[in-house]
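Colleague: Give me a model of this one.
(one chain, ligands or ions: 1)
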Amino acid sequence: MEVKKIGVLTSGGDAPGMNAAVRAVVRSALEKGIEVVGIMRGYTGLLNHEVIPMDIGSVSDIIQRGGTILRTARCEEFRYQEGVAKGKDACEKIGINGLVVIGGDGSFRGAADLSAMGIPCVGVPGTIDNDISCTEYTIGYDTAMNTAMQMSDFLRDTAQSHERCMVIEVMGRHAGHIALNAGIACGATYIVVPEVEFDKEAMMKKIQKSYAAGKRQFLIFVAEGVGGVAELAKEIEETTGIESRSMVLGHVQRGGSPTVRDRVAGTQLGHYAVELLAKGIGNRVVGFQNGQLVNFDIQEALKMKKSLDMDLYRIANDVAF
Ligand code: F6P
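Modeller: Numbering: from 1, shown residues only. Okay, the predicted model is just below:
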């Protein structure tokens, strides 16, 4: 079937660089003579037929902006077959025979279901967590890590002045990628991630050993998936006698102007998604393996497992003080 018109939406948690992907989808499609519409607010907007026409100028001046111009949502209704069937009808009414879904695993499940109902969908991985298994990189991850690093550098200044320990929670619902990398980049004394069982005693000993060796400011990184930073700060203070504070960095990590890496990755992935759809190929997720663009069947992609870089974790421990 000739692909004449496609849609693009962003879904789930926003991520810096999503706009670069939207821009690439729009421009690449138009370049191929394919009409494009933007669907507002993810699958929620699809079900409500919230559609905006996209021309070449509609995506000007957005590559540098955080967030997503298409807005985003987590759509409960789309988790169920009735919702997906309504989505299929909406696609037919809107007249699109292809859809680019920029988001995370949850969004790809919807894309697989919609593909199974005859609307070819291509998923573009966009989440700051970098927790999508079929790709080594997801849009937004680099910007989020850099934001976490910058914020933690600020916290280090005050920790240094007061000779305190700062316990910092960074995002990562099920994954410790941000914690591990930002932790290394900020000289963390200890990094707590969901992938590795937390040995609290070892952490306390590490802090005490560093203190005995003359260290006076400490940063402890904790991934959101482990959480409990307020209690941990209290326990550190009680056990070590070092005054401690905690901070949940939270949604600040989802904002901000995307880094070079996120703008380029968004552009590559968005462009590649359109190349597949233009050939009539759907039910795929695009991503990177060994730095190269790859694509996978969505169901296969959802079954894959991604692990934390344990070599990097070991290095972090070896250099921590
Ligand atoms: O998936 C990205 C993410 O930022 C997670 O790190 C976090 O747990 C979640 O989204 C927060 O979601 P919400 O913005 O809906 O609270």
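Colleague: give the contact list for the residue most central in space within the chain.
Modeller: Most central in the chain under C-alpha atoms, centre = their mean is residue 127, positioned 1.6 Å from the mean C-alpha point. For residue 127, the contacting residues are 12-13, 15, 103-104, 138-141, by C-beta atoms under 8 Å, 6 or more residues apart in numbering. C-beta: built from backbone N, CA, C; applies to glycine.
Colleague: Leaving out sequence neighbours, find the closest residue to it.
Modeller: In space, and not counting its chain neighbours, residue 127 is closest to residue 104: 4.0 Å by C-beta to C-beta, 6 or more residues apart in numbering.
Colleague: ok, how many other residues are close to the one you found?
Modeller: Residue 104 has 24 neighbouring residues, counting by other C-beta atoms under 10 Å.
Colleague: right, and it touches residue 124 too?
Modeller: No - counting by C-beta atoms under 8 Å, residue 104 stays clear of residue 124, with 10.3 Å between them.
Colleague: related to what we said a few turns ago, give me the phi and psi for the residue nearest to the centre of the chain.
Modeller: The phi/psi pair for residue 127 (degrees, to the nearest 10) reads phi -170, psi 140.
Colleague: Over to residue 284?
Modeller: Note on residue 284: backbone dihedrals following degrees, to the nearest 10 are phi -130, psi 150.
Colleague: Now for the closest residue to residue 56 other than its chain neighbours: which residues touch it?
Modeller: In space, and not counting its chain neighbours, residue 56 is closest to residue 30: 5.7 Å by C-beta to C-beta, 6+ apart. Shown in contact with residue 30 (C-beta under 8 Å, 6+ apart): 36, 55-56.
Colleague: Wondering if the helix or strand harbouring residue 30 reaches the ligand at all.
Modeller: Per DSSP states H and E: residue 30 is located in helix 18-31. No - shown here: helix 18-31 not in contact with the ligand (C-beta under 6 Å from any ligand atom), separated by at least 12.0 Å.
Colleague: quick one: contacts for the nearest residue to residue 28 once chain neighbours are set aside?
Modeller: Using C-beta to C-beta, 6+ apart and skipping residues adjacent in sequence, the residue nearest residue 28 is residue 274, 4.0 Å away. Contacts for residue 274 (C-beta under 8 Å, 6+ apart) come out as 6, 24-25, 28-29, 32, 34, 100.
Colleague: circling back to that earlier point, for the residue nearest to residue 127, give me its contacts.
Modeller: Neighbour list for residue 104: 11-13, 125-127, 129, 131-132, 138 [criterion: C-beta under 8 Å, 6+ apart].
Colleague: and residue 67, which of the three is it?
Modeller: coil (DSSP: H, G, I helix; E, B strand; the rest coil).
Colleague: now do residue 8
Modeller: strand.
Colleague: So which bits of the stretch 201-321 of the chain are right by the ligand?
Modeller: Contact residues, the stretch 201-321 of the chain versus the ligand (C-beta under 6 Å from any ligand atom): 224, 254.
Colleague: Show me where the stretch 201-321 of the chain has its strands.
Modeller: Assigned by DSSP state E, counting those that start in this stretch, the stretch 201-321 of the chain shows strands spanning 218-223, 244-248, 284-289, 292-297.
Colleague: Tabulate those in TSV, adding columns for mean neighbour count.
Modeller: Conversion of the strands of the stretch 201-321 of the chain to TSV gives the following (neighbours: other C-beta atoms under 10 Å):
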stretch	mean neighbour count
strand 218-223	27
strand 244-248	19
strand 284-289	22
strand 292-297	16
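Colleague: now those strands as CSV including mean pLDDT?
Modeller: Putting the strands of the stretch 201-321 of the chain into CSV (pLDDT from 0 to 100) gives the following:
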stretch, mean pLDDT
strand 218-223, 98
strand 244-248, 98
strand 284-289, 98
strand 292-297, 98
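Colleague: Residue 130 reaches residue 175, doesn't it?
Modeller: Yes - assessed by C-beta under 8 Å, residue 130 is found in contact with residue 175 at 6.8 Å.
Colleague: Can you give me the end-to-end span of stretch 4-18?
Modeller: End-to-end distance for stretch 4-18: 24 Å, by C-alpha to C-alpha, to the nearest Å.
Colleague: That one: which residues count as buried?
Modeller: 6-18 (16 or more other C-beta atoms under 10 Å).
Colleague: Closest one of those to the ligand?
Modeller: The shortest approach to the ligand among the buried residues of stretch 4-18 belongs to residue 13, at 3.5 Å (C-beta to the nearest ligand atom).
Colleague: which residues touch that closest one?
Modeller: When contacts are counted by C-beta under 8 Å, 6+ apart, residue 13 touches 72, 74, 104, 127-129, 254.
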